[in-house]
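S.K.: Let me see the structure of the following:
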Amino acid sequence: MKIFHSLFFFLLVLLCSCQNTREETSADKVYKKAEKLYDNSNYDQAFIYFYEAYQGYRSEKKYTDAAYSLIFLAIIQTEKGDFLGSNENLSNVTHLAGKDEVLLTSVYNQFAINHNFLKNNKEAIYWYHKALSLSPDQYAELSIKNNIGVSYLKMGNYTQAESIFKEISQNPAIRDSINFRNRVSDNFAYAQFLSGKRNPAEREMLDILESRKNQKDRFGMTASLSHLADYYGAANPQKSYEFATAMYNNACKTGNSDDQLEALKKMINASDGMNSKPLFHQYWKLSDSLENVKNSSKNHFTSVIYEAEKNKADILASQNKILNQHISILSLVAFLGFGVILFLKWRKAQTFQKEIAIKNTQIKYSKKVHDVVANGLYHMMVGIENNPDLNKQNVLSSIEKLYEDSRDIARDDLDSISPKDFSMRLYEMLASYSSDNNRVLIIGNSPQMWSALSSEMQLEIFYVLRELMVNMKKHSFAKFASLKFEKSDENIHIRYTDNGIGMDISGTIKKSGIQNMENRIENLGGKFNFEPNPNGGLTTDILIPYN
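M.R.: Prediction:
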C-alpha cells in the first residue's frame, strides 16, 4: 500500500533533520544504504539495514539517530500492512525521542495513520491532534487537519468533515501546492456529496479529476475516480461502473493492490448480474494474493528482528565467556567447561521447543485457513453455481463474512456455531451441495442428536463434513451422495456413501484435506475409516464418542 501523500512532509523533515556535518560512523553508512533501498521501493531489504543502523546507533549511544531508524521501520511496516508491528516500533521511539518535537510529530502522525487503517478512527483523531499541537509550520498544520477531516468522513460525521475541508480550502497557504489543493478540494466536494449537496459536488469533483490528469498525479486520480464512482453509485450505475473501472486501471499502473481491491468491489456493486461472477473471482484471487503478501512481510519483519537480537545476544555471550575464561584461569577451566555444556544443552532444548511451537502454530493456522477460507470460498462458489439467480447483495454479504472470518483467524476469534442452531446449519450446508446433477440425501440429522456435544466438537464435525462434500464436488464426480446419522448411548455414527469414482485408499500419500479430516476426528477420540462402495464410489464411516 502506498501512503506517500500522507507521509511526504514528515519524511522530508526526517531526511533534512538527519543531515549534519559530523564525522560519518559505521552506523551512518548502513543508514544511508537503507535510505537508498527505501527510495527504490526495496522495502524488505531496507528494513534489514534500518534495523542494523538502529542497533549501531544504540551501540554508539546516538539515541536520536536510533529513533530516526525506528520511524522508518514503522513506516515500512505500515506500507506492508503490519500496523500493530508499526505501532510497537513507534512506542519504542517515544522512549528515545525525549522532547524532540520533530520526532514526536512524526510518531504521532504515524500512530494516527495506523489507527485509521485499523478502523480506529476516533483513536486516529486523538493522535492527529497531538501531532497538530507540535506541527512546525503552517503547511504541516494544514496537512494534519486534512487527515483529521478524512477520519471524520470514515466515521460518518460528514458535517464536521465538510467544515474542516472548507476551512483549509480558504487558507491562502494552500495555493503553494496544486496537488495538496486538489486533495483538499476533492475531499471537500466528496464531503458535500455525502452531506446531500450533490449539485456543487459533481462539477467540482470532475474538474479536480481533470486537474490531476494534467498534473499526472496518479495517486490523486485514484482518489478522484473512487469518489466519482460513489457519487454515481445509486443515480447512474453505468457511470459508476465506468469510473470504478478507470480507478482499477489507474491503480494497476500505480501498483497499489489495496486500491485495485477497492475498485473491484465498487465494480461488483455497480455491475449487472452477468458481470458480477467473474468480477467476484477476480476480487477473491487478488484478495487472497494480497493477504499472502502481507503475511509474508509480517513474518519477514519478525524474522529480521529476531535474528538481529539473537546475533547480538550471541556476541555478548561470547564476549562474556572469553572474559570469564581470563579471570578464572586454570582453576575454573573445568567448571566453565561444565557450564558451557549445560548452557549449550539448555539453548538447544530452548531452540527445539521454539521450533516445535512454531511448527504447531503453522499447522494450526494452515488448518484454519484451509477450513475457513479455502472450503468457505468453495462452498460459496457451489452455492453460486447451484443457484445462478442468487441475489448479488447476498454474495457480497458472504464475501464480507468470509473476510471477517479470515481476518479473525490470526486472533483465534472465530465464532463457534450455536448448539441450538447446529442441526439447521449443518443441514443447510449439506443441502447446498445438492443440485440437478448432484443429489445429496440426508437421514437422521436432528437437534437431539447433537445436544450432548460441546460447540467446539460441533464445529469440528461441521468442518469434517464440509471437507467431505467439497471432496465429493471437486474430485469424485458423484451423481448421488447420502449421509446417515445414528445415535447410541455412547457414540454418534455418521456414514457417508457416494457413487463417484472412489479413491485409492491404499496409497501412502494423502491429500491435506483428507489428513485434516482424520486428524480432527482422532483429536475428538473418534475413528475415521474409508472403504470402497461395493456398488462403486466411496463409503466413509465416522464414529465419535460423547466423552
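
S.K.: Now do the helices in the stretch 51-200 of the chain.
M.R.: 63-79, 83-97, 101-117, 121-132, 138-155, 158-169, 178-194, 198-215 (DSSP state H, counting those that start in this stretch).

S.K.: Ok, which of these comes nearest Tyr31?
M.R.: Checking the helices of the stretch 51-200 of the chain against Tyr31 by CB to CB gives helix 63-79 as the closest, at 6.4 Å. C-beta here means a position set from N, CA and C on the backbone, and glycine is covered the same way.

S.K.: Next, format the helices of the stretch 51-200 of the chain as a markdown table and append distance to Glu531 and mean neighbour count.
M.R.: A markdown table is the format used below for the helices of the stretch 51-200 of the chain (distance: least, CB to CB, whole Å; neighbours: other CB atoms under 10 Å):
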| stretch | distance to Glu531 | mean neighbour count |
| --- | --- | --- |
| helix 63-79 | 52 | 24 |
| helix 83-97 | 48 | 19 |
| helix 101-117 | 52 | 22 |
| helix 121-132 | 57 | 19 |
| helix 138-155 | 56 | 20 |
| helix 158-169 | 64 | 19 |
| helix 178-194 | 62 | 22 |
| helix 198-215 | 65 | 16 |
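
S.K.: now these as CSV including mean pLDDT and distance to Ser432?
M.R.: CSV is the format used below for the helices of the stretch 51-200 of the chain (pLDDT from 0 to 100; distance: least, CB to CB, whole Å):
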stretch, mean pLDDT, distance to Ser432
helix 63-79, 89, 40
helix 83-97, 86, 36
helix 101-117, 88, 35
helix 121-132, 91, 37
helix 138-155, 90, 36
helix 158-169, 92, 40
helix 178-194, 92, 38
helix 198-215, 90, 42
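
S.K.: Quick one: those as CSV, columns for distance to Ile461 too.
M.R.: Formatted as CSV, those follow (distance: least, CB to CB, whole Å):
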stretch, distance to Ile461
helix 63-79, 40
helix 83-97, 34
helix 101-117, 37
helix 121-132, 40
helix 138-155, 40
helix 158-169, 47
helix 178-194, 46
helix 198-215, 53
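
S.K.: What ranges in the stretch 351-500 of the chain fall below the confidence cut-off?
M.R.: Residue ranges of the stretch 351-500 of the chain with pLDDT under 70: 351-352, 354-420.

S.K.: all strands of it, in order?
M.R.: 439-443, 480-487, 491-498 (DSSP state E, counting those that start in this stretch).

S.K.: Tell me which of these is the most buried.
M.R.: Mean neighbour count, computed with mean count of other CB atoms under 10 Å, is highest for strand 491-498 among the strands of the stretch 351-500 of the chain, reaching a mean of 20.

S.K.: May I have the strands that pair with it, each with its orientation?
M.R.: When pairing is defined by DSSP bridges, strand 491-498 lines up against strand 480-487 (antiparallel), strand 538-545 (antiparallel).

S.K.: got the CA positions of that strand in PDB?
M.R.: In PDB, the C-alpha atoms belonging to strand 491-498 read as follows (Å, rounded to 0.1, in the frame of the first residue of the first chain):
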ATOM      1  CA  ASN A 491     -21.400 -42.700  20.200                       C
ATOM      2  CA  ILE A 492     -22.600 -40.800  17.100                       C
ATOM      3  CA  HIS A 493     -22.200 -42.800  13.900                       C
ATOM      4  CA  ILE A 494     -22.000 -41.000  10.600                       C
ATOM      5  CA  ARG A 495     -22.000 -43.000   7.400                       C
ATOM      6  CA  TYR A 496     -21.300 -41.300   4.100                       C
ATOM      7  CA  THR A 497     -21.800 -43.000   0.700                       C
ATOM      8  CA  ASP A 498     -21.400 -41.800  -2.900                       C
END
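
S.K.: Pull the residues that contact that strand.
M.R.: Here strand 491-498 makes contact (CB atoms under 8 Å, 6 or more residues apart in numbering) with 449, 453, 461, 465, 468, 472, 476, 478, 480-487, 533, 537-546.

S.K.: Any of the residues you listed buried? List them.
M.R.: By neighbour count, with 16 or more other CB atoms under 10 Å, the contacts of strand 491-498 hold 449, 453, 461, 465, 468, 472, 476, 478, 481, 483, 485, 487, 533, 537-540, 542-544 as buried.
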